[in-house]
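>>> Turn this into a model:
(chains A, B, C, D, E and F)
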Number of protein chains: 6
Amino acid sequence: MKISARNQIKGTVTEVIKGATTSHVRIDIGGGQMVTASITNEAVDELGLKKGQKAVAIIKASDVMVGVD
Amino acid sequence: MKISARNQIKGTVTEVIKGATTSHVRIDIGGGQMVTASITNEAVDELGLKKGQKAVAIIKASDVMVGVD
Amino acid sequence: MKISARNQIKGTVTEVIKGATTSHVRIDIGGGQMVTASITNEAVDELGLKKGQKAVAIIKASDVMVGVD
Amino acid sequence: MKISARNQIKGTVTEVIKGATTSHVRIDIGGGQMVTASITNEAVDELGLKKGQKAVAIIKASDVMVGVD
Amino acid sequence: MKISARNQIKGTVTEVIKGATTSHVRIDIGGGQMVTASITNEAVDELGLKKGQKAVAIIKASDVMVGVD
Amino acid sequence: MKISARNQIKGTVTEVIKGATTSHVRIDIGGGQMVTASITNEAVDELGLKKGQKAVAIIKASDVMVGVD
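Reported below is the predicted structural model:
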């Protein structure tokens, strides 16, 4: 499936932390930068997410803010 | 200000496209990857966003999905 | 690509309204119910979205609220 | 109260799974399609959500992505 | 309708700025604080939003970040 | 850091409830109104959030809906 989300950042899963219903998945996107996704445990199981796996961080453009120093 | 958002990805603005009320800001985050932010024109003006500027793409962890091939 | 989003609702595009930077895409999901997506014009062009096309409305579980009468 | 959210999809609650702070509520929206909402336990209690109840899945248009095969 | 969103902040509309497809609605929530909502033009028309009107800013808890100085 | 988010509402933390991976932070924004943020436990620890602390509720304009009675 091809999706409309403007941001599809490639990386590698470095950690999956499961909570009661919600998991945190950390993805190394290169250049020393990481992305953390908060998704359902169910999604983690369904995609079989685990450390070392190639994955894409998908983010809708309307969910990105911009900061400047 | 220090903020709770888990994802604060550093980069450089490469393009600002203004619409009637909403702008699209493209940020080069390195490693050949880009992030697009859809923010208000007002925010673009207030932050003085323009090509070449250092900027941070800020994304709440609950707004990140994960994809696998 | 397989994605973590819990909600992937199948339907048919009934209308695409383009704005300056943002488009509204209406998808008929059956049972007399419609879903409206507000996405970038760029995404509309890239996916070639048009009336009559089969499409999936993708929504992260954390973006769904619940209402009761 | 009348709200601005473009998507107000009618259905029936089929399952409520409570976590430590976050619950997952599944709503059958007809035509064999389901919507999952991730909301606070507090909201589940306040609305008295339970299996069999009529409910509306409310989603802002800017939170809907579009996918095509 | 009663909704699950944890944040329902009461105020008065002070300004409605219409764009091509997206409007910005500013709501005075008291104590010298304002909330800006970016919603569809369609929603503005349907709710008949205009300056001086009582309105509620509705925000899901998972869309709120926290900042500290 | 200066950020693009249109809504930066000042207040005082009144409660922090930690779950397995997700915390709920309640902020009193004055005028008898409260804002609840659902953020990661990690963010709570990093910002050292606790009762009585001054804090800012940060919300992107595209995450605000409007309701009228």
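>>> Would you state the strands of chain A in chain order?
A:2-3, A:7-18, A:22-30, A:33-40, A:54-59, A:65-68 (DSSP state E).
>>> okay, those strands in CSV with mean pLDDT next?
Rendered in CSV, the data for those read as follows (pLDDT from 0 to 100):
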stretch, mean pLDDT
strand A:2-3, 96
strand A:7-18, 97
strand A:22-30, 96
strand A:33-40, 97
strand A:54-59, 98
strand A:65-68, 98
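>>> For my notes, please list these in CSV and give distance to F:Glu46 and mean neighbour count for each entry.
From N, CA and C alone the C-beta is placed, and that goes for glycine too. As requested, the strands of chain A are arranged in CSV below (distance: least, CB to CB, whole Å; neighbours: other CB atoms under 10 Å in any protein chain shown):
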stretch, distance to F:Glu46, mean neighbour count
strand A:2-3, 31, 18
strand A:7-18, 15, 18
strand A:22-30, 13, 22
strand A:33-40, 12, 24
strand A:54-59, 20, 22
strand A:65-68, 16, 22
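>>> C:Gln8: which of those is closest?
The closest approach between C:Gln8 and any of the strands of chain A, judged by CB to CB, belongs to strand A:2-3 at 9.7 Å.
>>> Listing partners with orientation, what would you give for that closest one?
Strand A:2-3 has these partner strands in its sheet, going by DSSP bridges: strand D:65-68 (antiparallel).
>>> Could you export the partner strand as PDB, CA atoms only?
In PDB, the C-alpha atoms belonging to strand D:65-68 read as follows (Å, rounded to 0.1, in the frame of the first residue of the first chain):
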ATOM      1  CA  MET D  65      -4.400   9.600   5.900                       C
ATOM      2  CA  VAL D  66      -5.200   8.000   2.600                       C
ATOM      3  CA  GLY D  67      -3.800   4.700   1.200                       C
ATOM      4  CA  VAL D  68      -4.100   3.100  -2.200                       C
END
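>>> still on that earlier bit, tabulate the strands of chain A in TSV, adding columns for distance to D:Glu15.
Supplementary listing: the strands of chain A in TSV, determined by distance: least, CB to CB, whole Å:
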stretch	distance to D:Glu15
strand A:2-3	26
strand A:7-18	20
strand A:22-30	16
strand A:33-40	13
strand A:54-59	26
strand A:65-68	34
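>>> who's the closest residue in space to A:Asn41 that isn't next to it in sequence bridged to?
If the residues on either side of it in the chain are set aside, A:Asn41 comes closest to A:Ser23, at 5.2 Å by CB to CB, 6 or more residues apart in numbering or on different chains. Applying DSSP bridges to A:Ser23 gives these bridge partners: A:Lys18, A:Ile39.
>>> Isn't A:Ser23 up against A:Val13?
No: A:Ser23 is beyond contact range of A:Val13, at 11.2 Å (criterion: CB atoms under 8 Å).
>>> ok now do A:Ala43, which residues does it touch?
A:Ala43 makes contact with A:Ser23, A:Leu49, B:Val66, C:Ser4, C:Ala5, C:Arg6, according to CB atoms under 8 Å, 6 or more residues apart in numbering or on different chains.
>>> who in chain A is up against chain E?
Within chain A, no position is near chain E by CB under 8 Å from any CB of the partner chain.
>>> before we move on, the earlier item: overlap in contacts of A:Ser23 and A:Val13?
Applying CB under 8 Å, 6+ apart, one finds that A:Ser23 and A:Val13 are jointly contacted by A:Leu49.
>>> how many other residues sit next to the residue in chain A positioned nearest to chain F?
Shortest chain A-to-chain F distance, computed as CB to the nearest CB: residue-wise this is A:Gly19, at 3.1 Å. Using other CB atoms under 10 Å in any protein chain shown as the criterion, A:Gly19 is surrounded by 20 other residues.
>>> Next, the contact list for it, please.
Contacts of A:Gly19 were listed using CB under 8 Å, 6+ apart, and they are A:Asn41, D:Gly19, D:Ala20, F:Gly19, F:Ala20, F:Thr21, F:Thr22.
>>> contacting residues around stretch A:3-10?
Outside of stretch A:3-10, the residues that reach it under the criterion CB under 8 Å, 6+ apart are A:27, A:29, A:35, A:54-61, A:64, B:29, B:33, B:35-36, B:38, B:65, B:67, C:1, C:3, C:37, C:39-40, C:42-44, C:46-47, C:58, D:65-67.
>>> do that again at 6 Å, thanks
Outside stretch A:3-10, the residues that touch it by CB atoms under 6 Å, 6 or more residues apart in numbering or on different chains are A:29, A:56-61, B:33, B:35-36, C:39-40, C:43, C:47, D:65-67.
>>> And that stretch, how far out from the chain middle?
Taking CA atoms, centre = their mean, to the nearest Å, the mean C-alpha location of stretch A:3-10 is offset from the chain mean by 11 Å.
>>> same question, stretch A:20-38
Computed by CA atoms, centre = their mean, the chain-centroid distance of stretch A:20-38 equals 5 Å.
>>> do the same with stretch A:52-69
Averaging C-alpha positions (CA atoms, centre = their mean) puts stretch A:52-69 8 Å from its chain's average.
>>> same deal with stretch A:51-69?
Put simply, stretch A:51-69 sits 7 Å off its chain's centre (CA atoms, centre = their mean).
>>> again, but for stretch A:10-30
The gap between where stretch A:10-30 is centred and where its chain is centred comes out at 6 Å by CA atoms, centre = their mean.
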